[in-house]
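J.: Quick one: sequence and predicted model below, then my questions.
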Amino acid sequence: MLRRTLERFTLTDLFMWLVGGSIILLVVVGSVATLRAGNYTARHWFDFVVFGIAQGSVYALIALGYTLVYGILRMINFAHSEVFMSGAFTGYFIANSMSRSGFLDRNPIIGLLAIFAVAITTSVTVAVLLERIAYRPLRRSPRLVPLITAIGASFFLQYTFRGLYGSQNRAYPEVDALDGAWSLGGEFVIQKIQVLVIVAAALFMFGLYMFVQRTRTGKAMRAVSEDKDTAALMGIDVDAIIVRTFILGAALAGAAGVLYALMFRQVNFFMGFIPGIKAFTAAVLGGIGNIPGAMLGGLFLGLFESVGPTLFLDGLGIPAPYQLKDVIAFTMLVLVLIYRPTGILGERLATAKA
Amino acid sequence: MPSIITARQVTKRFGGLTAVSSLDLDIAEKSIHSVIGPNGAGKTTFFNCVTGFYQPEIGEIIFDGHHLERLTSDRITALGIARTYQNIRLFNNLTALENILVGQHPRLKGGMLGAILRTPGTVREEAEALNEARRLLAFVNLTGKGDQLAKNLPYGDQRRLEIARALASRPKLLLLDEPTAGMNPHETEEMTGFIRRLRDELGITIMLIEHDMRVVMGISERISVLDYGEKIAEGSPTDIQSNPRVIEAYLGRGSAAEVPESVSASPAG
Amino acid sequence: MNKKTSFNWLGAIQIGLIGGVVALLVSLIGMVEEFSQRDIISGVITMGQTLIVIAILMAGYFAASRAAGEAATMRAISGALAGLVASALLTGLVVIIPPLNLRSIFPNASPALINILTFNQETVVGILYLLITGAVVGTLGGLIDILPAQIRRSVVLALFWVGLLGLLQELIRVTLTNMPQVGAALKWMFGSRGLSIPGAVAVFIVVAGGNYLWAARGGQVQDRFRALPPTQRRASQWGGALVVIAVLLYLPRILGPYLSEVANIVGLFILAGLGLNIVVGFAGLLDLGYVAFYAIGAYVMGVLTTNAIGQNAGQIVFGPEFSFWQALPIAVGAAVLFGVLLGIPVLKMRGDYLAIVTLGFGEIIRILALSDFLKPYIGGSQGIVEVGQGEIGNFVFGTPQTLYYMIFAACLLAVFISWRLRDSRPGRAWKALREDEDVAQAMGINLVATKLLAFATGAAFSGLSGAIFASKVGSIYPHSFNLLFSINVLALIIIGGMGSLPGVFVGALILAGLPELLREFAEYRLLMYGALLIVMMLTRPEGFWPEATHRRELHEEFGAEGEPRAEIVKTPGGAR
């Protein structure tokens, strides 16, 4: 086997291994240098990790939407980031009005549930319309066509919401109950909001997993993702299953939107783009089409992005490493796609890619 | 007769499934050699190994003194092997003529600069390529249809265009994957004659995957039978027809469609 | 189908509702109000109203065509019904806005919008007007459906041209003042904002009549052209091209500085579009990080030519202060190099994966340009100022009207290269790659070389465009190089027609030219790109000016050899 691998080794492969090798080298050298410099205490790293997990769980929720749709339609729903944005953005208005009337602080649980409900409803509506208008007529088209449509839909939605709600940043209201932090003993503290995000995301993911594994619809979804035509022959209404898949992904995206907004406090029409790309990266990282993979990929990416800039770059003497956190995420995306396009959990999609 | 291509111990696995298993095969120069076997016997997988679409895990394939198992399919084509596909794969949005011009790719040299500056060499080469393409169109009886998009041609024309495209690289060995699939008896008969002429007039060695036993028995000089990725028999058409393992392989599956009367009966030709 | 009982009222209502939602959306997004400053026909109808009219007109048309097979009156009534339903939805908006104070959510739900929708009347009267207008417009939509196909085509085309000329009124008037003789003769056509009423009527009659006559007689003209001997035909084609080039060379004088600047922007987009057309249109490699090469061209030009070293704005460590002409080849070369370097990792990726990874590359380049990390070299967020300008002797490419010639020459070069490559061996290899990568490889095409060649050529055009852009603007900021640029370029080649050279021009004129000319559009530029991409993919994926299939089999050389017939071998399947 080794001999054969070597025989097919070309100049481009050499180039790729050099690139990969030097990146690994940089990461190792940078990490060692950062740790030896000792500018950061255990508490700093703990904060980075917790923030990374919280951020990663939001990525994971969005990533599930990409993965579910990809699993069934073999297409990247480029507009999924806008499904996420629409929920968070619309949720702002109800959150704001409840906050001003004082309802949100008096009944934080009901209030939050109401925000989730509004956000999820909006996201689901957008996703269903998207599927019906932009994707369904193109299901049998060449692969480039629905992808371009999705890109178009993404921009259309972004700027529609910009037109509807205005282009300025809106600040999500603070919820008293979520303010502050819990002490974990010693110097370690954990923000309440981060706990909420992690717990809520875990619940949603667990719910989804049970849904896909246990319910009739979930089983039908898995059947359709294996083979649409055969599933149709078995009496499964493929169109209905596809719509439900979009609904499911959109619901998770809507929830993720609220969590994201609660954590970062700001919403605007462009907020979907970066988390969308990150979540897509997470989905690819875990093996696109693979549900546990998306969850794992999200957490992994969130951690990497939170810990990475400081750990890898600070020791190299790069100024303001935090500016480069998106570069780390994008580089990871590129590296995963090059060296292990099937992702960490390795769902085989060889036929789908051809 | 010397063999043009030799396969030794070729093995290709997909996960746990061994599609081709320790296959030995020699194909004599300027012969018509058929590879038959039930569905899933590994015939097309073997074709894909020869043309470099798959790399076999074990074994070697030697063509004209070159080891193919280490080459990509473009290099293999340049060495003189061309193929057609079981389910026609033309460049649908190119015209018939352009399809053939693409087929000539490895024979031509014109690069980017030559194309931009229209150097005399490139102009001459292009003119010759165009003439060759028209000649091949005529050869497969598609004259006048050269400017139609490949996807708009009728099925039979597409089959022949695919062969013309394969011929455009001037191969020494031509791999035909079920060339008569979906044809009526009349068309099948004409295609059979056409294949024979390819060998007789152009001197091309032909390796054929075919399900229609009338065709196989009619034109093959030698037949190899695959089953579960292994070669279970090889010989002349008469040898094969009387080989008990072959009959068992077909009948044992119980797939009636695969058991044409001609396996046991005499061939039509 | 028994007609009387199955008439589909619900269908008409449903279509009316869709039309109404579209009109509602257009209103709430703010387009109606924003565009109401611009008249299509002076004093008669504004652009904003036109948008709503189009939505309702189309609802009427589709409702009527859904009732195909019914009597003409029934189809017209379907149209009217759809129009009525659509306008009823709008009246809902008029009723709901004032009491609910929706402006805290929808900033565009303003009193001005209501005034537009109610024709500046009292609420009740206005609603009545609105409903009546809706029904009338819907009926007109229905009538369009009833017209015979050819007349319908002519009418729709004529309406389109009335709209277009009305929109471009300002541009046309400026141009006319630069050509006094023609200008005076055509002055009556334009009002203070938009076409004058006689002008609109004249445009309508000329376009509709011309189109109708061309449909009836045009075929003969084309036949006569085809019947010409090849040498003459070719001569007339070359002659036509020369006339076009001559007009284009004279253009900046007619256009004046402002419109020349618009032409320059369009030109840079054409240049970038021609490059992406090779990558996406020819080779089928969907590249969303195309902006990277544009940025590299611009930055190399900037770093090499800037003379603002040591000043606060952009403390560039390395600054050899090359001249524009020295830096230009280096900029293009750097773009090509990066085209290859970024191409290698994505060699094995296809379709959507390729799209995402290239998008990632584009973002990486932008973030790096913005970062403090590279600030000493390329200026970080403060960018680079005082980028050099090209000069030949005393002629400086500094003003829009002089830069025009540089951009024109660059476009000409790129068109020439694209055109020569299109039907060459490398061009065919690209197209084969686009159609089926595996089979292309099996045809002996070296995928690595072919793909890298496409990336490199595309990057060269884009780098050239970026370098000229840097010199034109005189300064570079990382914000100019975001994903939106890639999307702009992608959208323009898709709208024009992937792989089609004239399509790039059409696409650039529509997508880069219109928003520059109509300031109101700039706000909604990406909204319309998005909508256009979707509509295009749904209805006309081949674009406005699709790639022509080339007739080559019966080219003039055919028969000159005299041999082909002799070698024909009798072939199978001849009956087909």
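T.: That came through, no problem.
J.: Mind telling me which residue of the stretch 101-250 of chain C is nearest chain B?
T.: Closest residue of the stretch 101-250 of chain C to chain B, C-beta to the nearest C-beta: residue C:226 (13.8 Å). Glycine gets a C-beta too; all of them are placed from N, C-alpha and C.
J.: Give me the three-state assignment for that residue.
T.: Assigned by DSSP: H, G, I helix; E, B strand; the rest coil, the conformation of residue C:226 is helix.
J.: Now name the helix or strand holding the closest residue in space to it that isn't next to it in sequence.
T.: In space, and not counting its chain neighbours, residue C:226 is closest to residue C:233: 7.6 Å by C-beta to C-beta, 6 or more residues apart in numbering or on different chains. Assigned by DSSP states H and E, residue C:233 belongs to helix C:230-276.
J.: remind me which residues of the stretch 251-354 of chain A are low pLDDT?
T.: A:341-354 (pLDDT under 70).
J.: who touches residue C:260 in this structure?
T.: Contacts of residue C:260 were listed using C-beta atoms under 8 Å, 6 or more residues apart in numbering or on different chains, and they are C:251, C:252, C:400, C:401, C:403, C:404.
J.: Can you show me the CA trace of the helix or strand bottoming out on mean pLDDT in chain C as CSV?
T.: Least confident helix or strand, chain C: helix C:180-186 with a mean of 74, by mean pLDDT, DSSP states H and E. C-alpha atoms of helix C:180-186 as CSV (Å, rounded to 0.1, in the frame of the first residue of the first chain):
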residue,chain,number,x,y,z
PRO,C,180,-26.6,69.6,-29.6
GLN,C,181,-27.8,68.7,-33.1
VAL,C,182,-29.5,65.4,-32.1
GLY,C,183,-30.4,66.7,-28.7
ALA,C,184,-32.6,69.5,-30.0
ALA,C,185,-34.5,67.2,-32.2
LEU,C,186,-35.3,64.8,-29.4
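J.: For it, which outside residues touch it?
T.: C:176, C:177.
J.: That helix: which residues count as buried?
T.: Of the residues in helix C:180-186, none is buried under the neighbour-count criterion (16 or more other C-beta atoms under 10 Å in any protein chain shown).
J.: just stretch C:490-500 next, same as before
T.: Buried, per 16+ other C-beta under 10 Å, within stretch C:490-500: C:490, C:491, C:492, C:493, C:494, C:495, C:496, C:497, C:498, C:499, C:500.
J.: same check, this time on stretch A:162-176
T.: A:162, A:163, A:164, A:165, A:166, A:170, A:172, A:173, A:175.
J.: so what's the backbone phi/psi at the last one?
T.: Read it as residue A:175. phi -110, psi 120 (degrees, to the nearest 10).
J.: With just CA atoms, put stretch B:8-17 into PDB.
T.: This file holds the C-alpha atoms of stretch B:8-17, laid out as PDB (Å, rounded to 0.1, in the frame of the first residue of the first chain):
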ATOM      1  CA  ARG B   8      -2.000 -10.000 -13.100                       C
ATOM      2  CA  GLN B   9      -3.700 -10.600  -9.800                       C
ATOM      3  CA  VAL B  10      -5.800  -7.500 -10.100                       C
ATOM      4  CA  THR B  11      -7.900  -6.900  -6.900                       C
ATOM      5  CA  LYS B  12     -10.200  -4.000  -6.100                       C
ATOM      6  CA  ARG B  13     -12.200  -3.700  -2.900                       C
ATOM      7  CA  PHE B  14     -14.900  -1.400  -1.800                       C
ATOM      8  CA  GLY B  15     -15.000  -1.500   1.900                       C
ATOM      9  CA  GLY B  16     -15.800  -5.100   2.700                       C
ATOM     10  CA  LEU B  17     -16.800  -6.000  -0.800                       C
END
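J.: what is the mean pLDDT for that stretch?
T.: Across stretch B:8-17, the average pLDDT comes to 85.
J.: hmm, who's touching it?
T.: By C-beta under 8 Å, 6+ apart, the list of residues contacting stretch B:8-17 from outside reads B:18-25, B:42, B:45-46, B:49, B:54, B:56-62, B:69, B:229.
J.: In that stretch, which residues are buried?
T.: Result for stretch B:8-17 [16+ other C-beta under 10 Å]: buried residues B:10, B:11, B:12.
J.: Can you tell me the closest non-neighbouring residue to residue 179?
T.: As the question left the chain open, I've gone with chain A. In space, residue A:179 is closest to residue A:192, 6.9 Å off (C-beta to C-beta, 6+ apart).
J.: um, chain C though
T.: Using C-beta to C-beta, 6+ apart, the closest residue to residue C:179 is residue C:254 (6.1 Å).
J.: any idea how far the one you found is from chain B?
T.: Shown here: residue C:254 relative to chain B, a distance of 32 Å by C-beta to the nearest C-beta, to the nearest Å.
J.: Tell me which residues touch the closest residue to residue C:529 other than its chain neighbours, please.
T.: Of all residues not flanking residue C:529 in the chain, residue C:491 sits nearest, at 4.6 Å (C-beta to C-beta, 6+ apart). Shown in contact with residue C:491 (C-beta under 8 Å, 6+ apart): A:152, C:507, C:511, C:529, C:532, C:533.
J.: which residues touch the fifth one?
T.: Yep, that's residue C:532 we're talking about. The neighbours of residue C:532, taking C-beta under 8 Å, 6+ apart as the test, are A:152, C:491, C:495, C:511.
J.: try 7 Å this time
T.: Residue C:532 sits next to C:491, C:495 when contact means C-beta atoms under 7 Å, 6 or more residues apart in numbering or on different chains.
J.: for the helix or strand encompassing residue B:130, packing partners?
T.: Element membership for residue B:130 (DSSP H and E) is helix B:120-139. Counting contacts by 3 or more C-beta pairs under 7 Å, 6 or more residues apart in numbering or on different chains; DSSP states H and E, helix B:120-139 packs against helix B:96-103, helix B:112-117, helix B:155-167.
J.: taking the ones you listed together, which one is wrapped up most tightly?
T.: Compared across those, helix B:96-103 shows the largest average neighbour count, a mean of 28 (mean count of other C-beta atoms under 10 Å in any protein chain shown).
J.: could you dump that one to CSV, C-alpha only?
T.: C-alpha atoms of helix B:96-103 as CSV (Å, rounded to 0.1, in the frame of the first residue of the first chain):
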residue,chain,number,x,y,z
ALA,B,96,-21.3,16.5,-31.6
LEU,B,97,-18.3,17.9,-33.4
GLU,B,98,-16.9,19.5,-30.3
ASN,B,99,-17.2,16.2,-28.5
ILE,B,100,-15.0,14.6,-31.1
LEU,B,101,-12.6,17.5,-31.0
VAL,B,102,-12.3,16.9,-27.2
GLY,B,103,-11.6,13.3,-27.9
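J.: Against which helices or strands is it packed?
T.: By 3+ C-beta pairs under 7 Å, 6+ apart, helix B:96-103 packs against helix B:120-139, helix B:155-167, helix C:425-435.
J.: so which of those helices gets nearest residue B:75?
T.: The closest of the helices and strands packed on helix B:96-103 to residue B:75 is helix C:425-435. By C-beta to C-beta, the value is 15.0 Å.
J.: low pLDDT regions in the chain?
T.: Using chain A here. Along chain A, segments meeting pLDDT under 70 span A:1-9, A:341-354.
J.: The chain in question should be chain C.
T.: In chain C (pLDDT under 70), the answer is C:1-7, C:308-319, C:520, C:549-576.
J.: what does the domain assignment say about it?
T.: C:1-146, C:149-227, C:255-482 (automatic domain parsing).
J.: In chain B, which residue sits furthest out from the middle?
T.: In chain B, the residue that sits farthest from the middle, by C-alpha atoms, centre = their mean, is residue B:117; the gap is 37.5 Å.
J.: Could I get the full set of strands for the stretch 1-150 of chain B?
T.: Under the criterion DSSP state E, counting those that start in this stretch, the stretch 1-150 of chain B contains strands at B:3-14, B:17-28, B:32-36, B:58-63, B:66-67, B:81-83.
J.: export those to a markdown table and tack on distance to residue B:167?
T.: Output for the strands of the stretch 1-150 of chain B, formatted as a markdown table (distance: least, C-beta to C-beta, whole Å):
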| stretch | distance to residue B:167 |
| --- | --- |
| strand B:3-14 | 17 |
| strand B:17-28 | 18 |
| strand B:32-36 | 15 |
| strand B:58-63 | 18 |
| strand B:66-67 | 21 |
| strand B:81-83 | 7 |
